[in-house]
Each structure stands twice: as structure tokens, then as C-alpha cells.
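A.B. asks: Sharing a model prediction with you, sequence too.
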Amino acid sequence: MRAGDDLDRFDVAILAALRKNARISNKRLAEAVGLAPSTCLERVRRLVELGVLRGFHADVNLGPLDMGMQAMIAVRMREHSRELVDSFRAYALTLPQVLGVFHVSGADDFLVHVAVRDAHELRDLALDAFTTRPEVDRIETRLIFEHMSSWTLPGPAVEDD
């Protein structure tokens, strides 16, 4: 977001409503936040242009897709250079099992969220896709027993102008 492009309470209300239901119609969104539909639509377009709204996504149950096991793979790099970090991130995002890549601080450099069919596929993914990478020093895999998301908008509410 650029300087001077502050969000007001209507923008925050729009973001909160879209976070809960990205498929809400513009008419219902406008009613929910107290704006005219044309004004609401312009505000959504502005939020997209500013990069505040980066996309609209579906929450998919992976079980019916035969991807019933999820894990976080903690990755520690051999060296810490921008080139290696960028290279690993780009590589990880090409793997079809990868749901998300988090570049983190602490003992590990990345947490990679993956979904696989079973323990055998997870083992093969860890061995073939991660430990073979020259920039990777070590990995540690943690199974995810349950994953829940909050669809509320974090942070303090924006005050009226």
C-alpha cells in the first residue's frame, strides 16, 4: 500500500466480510458494510489495485482428493544467502504437494506446509524433494493432526474519521 492510501472503517469492513466469504455478491457486501453498491464495488477495485486484496480463494477439503495427510517440513539451509533462499523458495513452490512456504526466523529457515496421500508419499517427498537439494542442511517433519483457520480479520479496528 502507498503512503496516503489509509484504510477507513468501510475498507476494513469490506476486508472482514470478504475474508469470511469471498463469494458474497457486491449487493450483499454493500448492504453488510453500509455503502451503495457502486461505491462498494469501487472500494473493492481500489483494494485490489493497492495490493491489499491479493486474491479470492476457495477453502478446499483435501480428503476427497486423496490428500488426507498434512505435514510441516522444517528446513534448515546450509548457507544464508539471498540467492539460495530465493532459489529454495521458488523450487518448493513448484512441488505439487506444497500448500504454502513460510520463510521464518529461528533455528529453521523455512516451514513448508505439504499435503500427501500417506506416510509413504511423505517419506518419499522428504527424501527426494528436500534432502537432495544442495542448499538444504537438514529437515524435520511434523505431522498435522488438525488444521483450522480463522476467517476473521486480525488487528485493531480502524476508527471513524
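C.D. replies: Arrived safely, thanks for sending. Numbering: from 1, shown residues only.

A.B. asks: part of a helix, is F102?
C.D. replies: No. Using DSSP: H, G, I helix; E, B strand; the rest coil, the secondary structure at F102 is strand, not a helix.

A.B. asks: now it, nearest residue through space, not along the chain?
C.D. replies: L111 (4.3 Å; Cβ to Cβ, 6 or more residues apart in numbering). C-beta here means a position set from N, CA and C on the backbone, and glycine is covered the same way.

A.B. asks: In contact with the one you found, which residues are there?
C.D. replies: M72, I73, A74, V75, V101, F102, V104 (Cβ atoms under 8 Å, 6 or more residues apart in numbering).

A.B. asks: For it, what are phi and psi?
C.D. replies: phi -120, psi 120 (degrees, to the nearest 10).

A.B. asks: Name whatever forms a beta bridge with it.
C.D. replies: A74, F102 (DSSP bridges).

A.B. asks: now the one 5 residues further on
C.D. replies: Legend: beta-bridge partners of V116 under DSSP bridges are M69.

A.B. asks: Hmm, it is touching A126, no?
C.D. replies: No. Counting by Cβ atoms under 8 Å, V116 stays clear of A126, with 9.7 Å between them.

A.B. asks: Quick check: closest non-adjacent residue to the most centrally placed residue in the chain.
C.D. replies: When Cα atoms, centre = their mean is applied to the chain, the residue found nearest the centroid is G100 (6.3 Å). Leaving out its chain neighbours, the residue that sits closest to G100 by Cβ to Cβ, 6+ apart is H113, at 4.2 Å.

A.B. asks: re earlier: ok, so of the contacts of L111, who is nearest G34?
C.D. replies: Checking the contacts of L111 against G34 with Cβ to Cβ, the nearest one is F102 at 36.1 Å.

A.B. asks: OK, contacts around the closest one?
C.D. replies: F102 neighbours (Cβ under 8 Å, 6+ apart): F110, L111, V112, H113.

A.B. asks: The last one and V104, how far apart?
C.D. replies: With distances defined as Cβ to Cβ, to the nearest Å, the gap from H113 to V104 amounts to 12 Å.

A.B. asks: And the second one, by the same measure?
C.D. replies: Relative to V104, L111 is positioned 6 Å away (criterion: Cβ to Cβ).

A.B. asks: Likewise for the first one?
C.D. replies: Applying Cβ to Cβ, one obtains 7 Å for the distance of F110 from V104.

A.B. asks: so where's this protein shaky on pLDDT?
C.D. replies: 1-5, 156-161 (pLDDT under 70).
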